[in-house]
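Asker: All I have is the shape, not the residue letters:
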């Protein structure tokens, strides 16, 4: 006779398989629930990360765009202020030119009316003062620029200065030197060319480049 197994009689194979089938659904359900929970955590975490990444990227792009707009606005304001400052210098120069030419015309008329030996000293004093203010106004334009306008302003001053030399020679002497009418024509021509150039420069000062588009990285 064979000995019985320790701990009680051995379970028949059929009974063991039945017990496994009873336990299997419970084990499978627990594993499945665990897997779905793990997958849910992974998917939820990935979605949260994606949303956070996209939100941060969008905010960064918006901040860069806002910064670009601020820089563009600052550049427009600077250009506008520069254009206004330059135009103010041009207006002062033109005003001084006109005032000096008025004084030069009046002095010329008085020199023609006064007999030789009598000089209109008061008028000449005013005329000289206007010239000094004209030179100062031209210096401001030379600093304000741009170079093209500074050159036009200097050409205008040279033309008016040549006319002034002719008048000064008549003031110191008895006769008019040649070139008076040509001097007036040149001064008027240079004044007109400076005025046209000043208008063009003023308009160009307000031509703004389109602000750069900031693309999200």
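Answerer: Thanks, I have the structure now. Keep in mind that this is a model prediction, so the values were computed, not measured.
Asker: In which helix or strand does residue 62 reside?
Answerer: Per DSSP states H and E, residue 62 falls inside helix 13-113.
Asker: mean confidence for that helix?
Answerer: Here helix 13-113 scores 72 as its mean pLDDT.
Asker: i'd like the first residue to be 32 from this point on
Answerer: Sure thing, new numbering starts at 32, so read that last one as helix 44-144.
Asker: Which of the residues in stretch 171-185 are classified as buried?
Answerer: 171-173, 175, 180, 183-184 (16 or more other C-beta atoms under 10 Å). All C-beta atoms are positioned from the backbone trio N, CA, C, and that covers glycine.
Asker: count of neighbours near residue 141?
Answerer: 17 (other C-beta atoms under 10 Å).
Asker: With residue 160 instead?
Answerer: For residue 160, using other C-beta under 10 Å, the count is 13.
Asker: Check the gap between it and residue 141 for me.
Answerer: Per C-beta to C-beta, to the nearest Å, residue 160 is found 16 Å from residue 141.
Asker: ok, back up a step: can I get the buried residues of stretch 171-185 in a markdown table with pLDDT, distance to residue 198 and secondary structure?
Answerer: Shown next, in a markdown table, are the buried residues of stretch 171-185 (pLDDT from 0 to 100; distance: C-beta to C-beta, whole Å; DSSP: H, G, I helix; E, B strand; the rest coil):
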| residue | pLDDT | distance to residue 198 | secondary structure |
| --- | --- | --- | --- |
| 171 | 97 | 25 | helix |
| 172 | 97 | 23 | helix |
| 173 | 97 | 24 | helix |
| 175 | 93 | 29 | helix |
| 180 | 95 | 27 | helix |
| 183 | 97 | 23 | helix |
| 184 | 98 | 21 | helix |
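Asker: ok, residue 124 to residue 200 distance?
Answerer: 25 Å.
Asker: Compare those two (neighbour count), which wins?
Answerer: Shown here are residue 124 and residue 200; by other C-beta under 10 Å, residue 124 has more neighbours (27 against 14).
Asker: Now do the contacts for that one.
Answerer: Listed by C-beta atoms under 8 Å, 6 or more residues apart in numbering, the contact partners of residue 124 are 165, 168-169, 171-172, 184, 187, 225.
Asker: mind listing what the closest residue to residue 165 other than its chain neighbours touches?
Answerer: Leaving out its chain neighbours, the residue that sits closest to residue 165 by C-beta to C-beta, 6 or more residues apart in numbering is residue 127, at 4.2 Å. Contact partners of residue 127, counting by C-beta under 8 Å, 6+ apart, are 161, 164-165, 167-168.
Asker: do residue 129 as well
Answerer: Contacts of residue 129 (C-beta under 8 Å, 6+ apart): residue 222.
Asker: Tell me how far the residue nearest to residue 117 when sequence neighbours are not counted lies from residue 232.
Answerer: Nearest residue to residue 117, sequence neighbours excluded (C-beta to C-beta, 6+ apart): residue 175, at 4.8 Å. For residue 175, the distance to residue 232 equals 10 Å [C-beta to C-beta].
Asker: Show me the common contact partners of those two, please.
Answerer: With C-beta under 8 Å, 6+ apart, residue 175 and residue 232 have common neighbours residue 117.
Asker: before we move on, what SS does residue 207 have?
Answerer: Following DSSP: H, G, I helix; E, B strand; the rest coil, residue 207 is assigned to coil.
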